[in-house]
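Engineer: Structure, please.
(chains A, B, C and D)
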There are 2 protein chains.
Amino acid sequence: MRSLDNHLCFALYAASRAMTAGYRGPLSELGLTYPQFIAMVVLWEADGVTVSELGERLQLDSGTLTPLLKRLEQAKLVARQRNADDERELIVTLTDEGHALQHKANDISEQVFCRTGLEESHAMQMLGDLHDLTARLRNTPSI
Amino acid sequence: MRSLDNHLCFALYAASRAMTAGYRGPLSELGLTYPQFIAMVVLWEADGVTVSELGERLQLDSGTLTPLLKRLEQAKLVARQRNADDERELIVTLTDEGHALQHKANDISEQVFCRTGLEESHAMQMLGDLHDLTARLRNTPSI
DNA sequence: ATCAATCATATTGTGCACAATCTAATTGTG
DNA sequence: CACAATTAGATTGTGCACAATATGATTGAT
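Structural biologist: Below you'll find the predicted structure:
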């Protein structure tokens, strides 16, 4: 029988929540939650994407993204408009205010990274391991 | 500027959700959610603990645990009773049914672990890395 | 013994996650 | 063209997470 400390799932769950907590303070000064922040990271990379493209990148569905994007819209960080060529699609675009936030947000990322005390190379290795693990879990059809 | 793929926070967040998703199917057959499952893991280790002891182990507060434990009580997996010596404390105990679930749950842990395709030694290394990371994030007083 | 301070848990409110379902727009096939 | 099937998002409902606050029990200082 595995103890709690022997469960990789719990180590991930705890680390993820600790990381989110690390971002919470700095992000609150920008008026962002952590999930809103990662949505903005995607938009800073590629502006003017559909909700489903955003969802594919973040692995989040419309049930999560629709209200989140509405809040970002209310905060005037993004605009949401239907694609004229296909009215089913909703295009999410950064506002000037949304673009302007990128520098501050980048500082926060570096700040939190420093707090982890990780060597860049060690972080890259963990990044790779986590990426592989995620891919394997996604590719295994449940049995 | 870091891309989404360069954010360790996102790698953790995505891996954690993928792992939870991996447990979802098997656990649903036991009528458990993932957070309920890890609470049960702690109780299988040490029965008859207070809510705050459980919370310390899981790093979850009463706002999360109180309703979760009520659902486990409704499912007849745990009993909740006040400590007669200090009525502020609530003692959580496994029922026979709760104890009986341990074997099935352990099978699920092993099953999901196999799905990750990880060598035991690699998993142990990741476990250690994640543990360290979590500890560092917790110990850094926000600046 | 009294009562302010502390402590353990519960409650409330906000914002995710995600399953299930719904609606409206588009596409493919006869 | 007609219309079933598909697609993109939105909505609804449940269950976390977590901050803030409330409630009730206990402790400690006078």
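Engineer: Excluding covalently adjacent residues, which one is nearest to the residue most central in space within chain A?
Structural biologist: By C-alpha atoms, centre = their mean, chain A has its centre lying nearest to residue A:38, at 2.6 Å. For residue A:38, ignoring the flanking residues on the chain, the nearest one in space by C-beta to C-beta, 6 or more residues apart in numbering or on different chains is residue B:10 at 5.6 Å. From N, CA and C alone the C-beta is placed, and that goes for glycine too.
Engineer: ok, that neighbour to residue A:57 distance?
Structural biologist: Distance from residue B:10 to residue A:57, counting by C-beta to C-beta, to the nearest Å: 10 Å.
Engineer: so does the host helix or strand of residue A:122 get close to chain B?
Structural biologist: According to DSSP states H and E, residue A:122 maps onto helix A:120-139. Yes - using C-beta under 8 Å from any C-beta of the partner chain, helix A:120-139 reaches chain B at A:122-123, A:126-127, A:129-131, A:133-134, A:136-138.
Engineer: again, but for stretch A:67-80
Structural biologist: No - judged by C-beta under 8 Å from any C-beta, stretch A:67-80 and chain B are separated, with a smallest distance of 13.9 Å.
Engineer: how about the helices in chain A?
Structural biologist: A:8-30, A:34-45, A:51-58, A:62-74, A:96-100, A:102-116, A:120-139 (DSSP state H).
Engineer: would you list those in TSV and tack on distance to DNA strand C and mean pLDDT?
Structural biologist: Conversion of these to TSV gives the following (distance: least, C-beta to the nearest atom of the strand, whole Å; pLDDT from 0 to 100):
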stretch	distance to DNA strand C	mean pLDDT
helix A:8-30	7	98
helix A:34-45	4	98
helix A:51-58	8	97
helix A:62-74	3	98
helix A:96-100	15	97
helix A:102-116	15	95
helix A:120-139	11	96
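Engineer: Would you reformat those helices as JSON lines and include distance to residue B:48?
Structural biologist: Below are those laid out as JSON lines (distance: least, C-beta to C-beta, whole Å):
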{"stretch": "helix A:8-30", "distance to residue B:48": "21"}
{"stretch": "helix A:34-45", "distance to residue B:48": "35"}
{"stretch": "helix A:51-58", "distance to residue B:48": "41"}
{"stretch": "helix A:62-74", "distance to residue B:48": "38"}
{"stretch": "helix A:96-100", "distance to residue B:48": "52"}
{"stretch": "helix A:102-116", "distance to residue B:48": "36"}
{"stretch": "helix A:120-139", "distance to residue B:48": "34"}
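Engineer: Understood, closing this out.
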